[in-house]
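A.B. asks: Pasting the sequence and the predicted coordinates here, then a few questions.
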Amino acid sequence: MTLGEKIAKQRKELNYTQEQLADILGVSRQSISKWESDIAYPETDKLIELGKLFDCSMDYLLKEDVTEKNGAQTSGFTEKVEEISKKVMTEKNKGKAKKILKIIGIILAVFLAIDIISMILYFGVLGTPH
């Protein structure tokens with residue numbers, strides 16, 4: 001389904017005329033007609049407004065293979081990402097990630113301790129400013 005077909009479909013679902021949609025977006029009725037006929041395309045700011053008005057993603061509006069308003073693709077993209085994630089995040093890799101996070105935590109704790117000690121020494125020696 002093309003962008004123009006999707007605009008027309010969503011406009012009709014909201015029971016708007018081309019004139020009403022044009023008024024909402026601040027464009028001419030002819031612009032809406034051209035968009036729906038795929039003769040012209042909306043500017044980026046108008047696409048964003050259409051997405052908000054139609055409560056749909058930019059993927060839905062712009063990609064012909066996306067047929068659901070929430071942007072879900074028909075190609076199984078999400079399933080592929082999950083499959084790859086499972087392969088990459090083996091138990092061995094999870095253990096490595098935990099070790100790295102522990103080391104980072106220790107390093108941050110050391111820097112924090114040094115900062116606190118230096119502040120105590122600074123204010124202890126010089127006193128608080130008046």
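C.D. replies: Alright, I've got the coordinates. This one's a predicted model, so the numbers in the text were calculated from it and none came from an experiment. Numbers count the residues shown, from 1 in each chain.
A.B. asks: Helix or strand with the lowest mean pLDDT in this protein?
C.D. replies: Taking mean pLDDT, DSSP states H and E as the measure, the helices and strands of the chain show their lowest mean at helix 77-88, namely a mean of 66.
A.B. asks: Moving C-terminal from that helix, which element do we reach first?
C.D. replies: Taking DSSP states H and E as the definition, the helix or strand that follows helix 77-88 towards the C-terminus is helix 91-126.
A.B. asks: pLDDT on that following helix, on average?
C.D. replies: Helix 91-126 shows a mean pLDDT of 86.
A.B. asks: got the buried residues for it?
C.D. replies: For helix 91-126, burial by neighbour count (16 or more other C-beta atoms under 10 Å) applies to no residue. Every C-beta, even on glycine, is put in place using the N, C-alpha and C of the backbone.
A.B. asks: and that helix, how far out from the chain's middle?
C.D. replies: Offset of helix 91-126 from its chain centre (C-alpha atoms, centre = their mean, to the nearest Å): 32 Å.
A.B. asks: Distance check, residue 39 against residue 53.
C.D. replies: 21 Å (C-beta to C-beta, to the nearest Å).
A.B. asks: Compare the two and say which one has the larger neighbour count.
C.D. replies: Between residue 39 and residue 53, counting by other C-beta atoms under 10 Å, residue 53 is the more crowded of the two (15 against 11).
A.B. asks: And that one, how far from residue 4?
C.D. replies: Residue 53 sits 16 Å away from residue 4, taking C-beta to C-beta as the criterion.
A.B. asks: now swap in residue 94 and tell me
C.D. replies: With the distance defined as C-beta to C-beta, residue 94 ends up 48 Å from residue 4.
A.B. asks: ok, now residue 31?
C.D. replies: Looking at residue 31 against residue 4, where the rule is C-beta to C-beta, the gap reads 12 Å.
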